[in-house]
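> Next one to model:
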Amino acid sequence: MAKRERLTREKIIEAAMEMLDREGEKGFSMRKLAAELGVDPMALYHHHSSRSTLIHEVLQSLMAEVDIPDPSGDWQTDIRALCTALRDLAKRHPGTFRIYELYEDWVPAEHRLHEAFHATLLNAGFPGPTAVRGVRVLLAYTEAFAVDEITGWLDTFDESDRAEFIDSLSSGDFPAMSGLIDEIGRVDPDAEFDFGLRVLIRGLEGELA
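Next up is the predicted model:
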């Protein structure tokens, strides 16, 4: 008989993240996780006192995974790299990232990322209040874009989507959107993300000047 692999706190967190990414929070339960690990549900509570405690640990693991690049000496380049790292994290862990977006408590591991953002703007010469506001805008943009991307909201229209959108415009007079249907329905996520970052960074450059 093969020896069962020892259950550890880390294995539970890893399996929980995989299940959350695959099925989302609504499809996650301690009982289902225990079944996937081949253990009694009570075994999970030996390592994590509650479902909420486990979720918190999963989010800690998620944010510890953010790849924070070394400073390049150019704040615009570094801001782009940090925003891209956060977007990449969302694409690797879509289900878990959506929970992070709605989570109300601080996740200590996220402070690494926030520290890098704030330090980048402060070292570039931004005053403290401007740096804080700038970081809030950058994080809000990146996180919202990432959620739209991983939920499929940014997918290019198929024929059904196009027909549904055209039908929705028939309820009123919308000449601008009617003339831009092809553009509205065609999405290049990388180009869209880069466009938004360019706008934000140019705005910050104006504040610094």
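> Please count neighbours and contacts with C-alpha atoms only from this point.
Noted.
> Would you indicate which residues of the helix or strand bottoming out on mean pLDDT in the chain are buried?
Every helix and strand in the chain was compared by mean pLDDT, DSSP states H and E; the lowest is helix 41-47, with a mean of 89. For helix 41-47, a neighbour-count test (16 or more other C-alpha atoms under 10 Å) marks P41, L44, H47 as buried.
> then that helix to CSV, C-alphas only?
C-alpha atoms of helix 41-47 as CSV (Å, rounded to 0.1, in the frame of the first residue of the first chain):
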residue,chain,number,x,y,z
PRO,A,41,-12.7,17.6,6.9
MET,A,42,-11.7,17.9,10.6
ALA,A,43,-8.1,17.3,9.5
LEU,A,44,-8.2,20.7,7.9
TYR,A,45,-9.2,22.4,11.1
HIS,A,46,-6.2,21.0,12.8
HIS,A,47,-4.1,23.3,10.6
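> Mind listing what's buried along the longest helix seen in the chain?
Counting residues, the longest helix found in the chain (DSSP state H) is helix 128-150. Across helix 128-150, burial judged by 16+ other C-alpha under 10 Å covers 130-132, 134-135, 138-139, 141-143, 145-147, 149-150.
> how far out from the middle of the chain is the least confident helix or strand of the chain?
29 Å (C-alpha atoms, centre = their mean, to the nearest Å).
> helices or strands next to that helix in the packing?
Where contact means 3 or more C-alpha pairs under 8 Å, 6 or more residues apart in numbering; DSSP states H and E, helix 41-47 is packed against helix 30-37.
> ok, residues contacting the helix it packs on?
I12, A15, A16, M19, D40, P41, A43, L44, R51 (C-alpha atoms under 8 Å, 6 or more residues apart in numbering).
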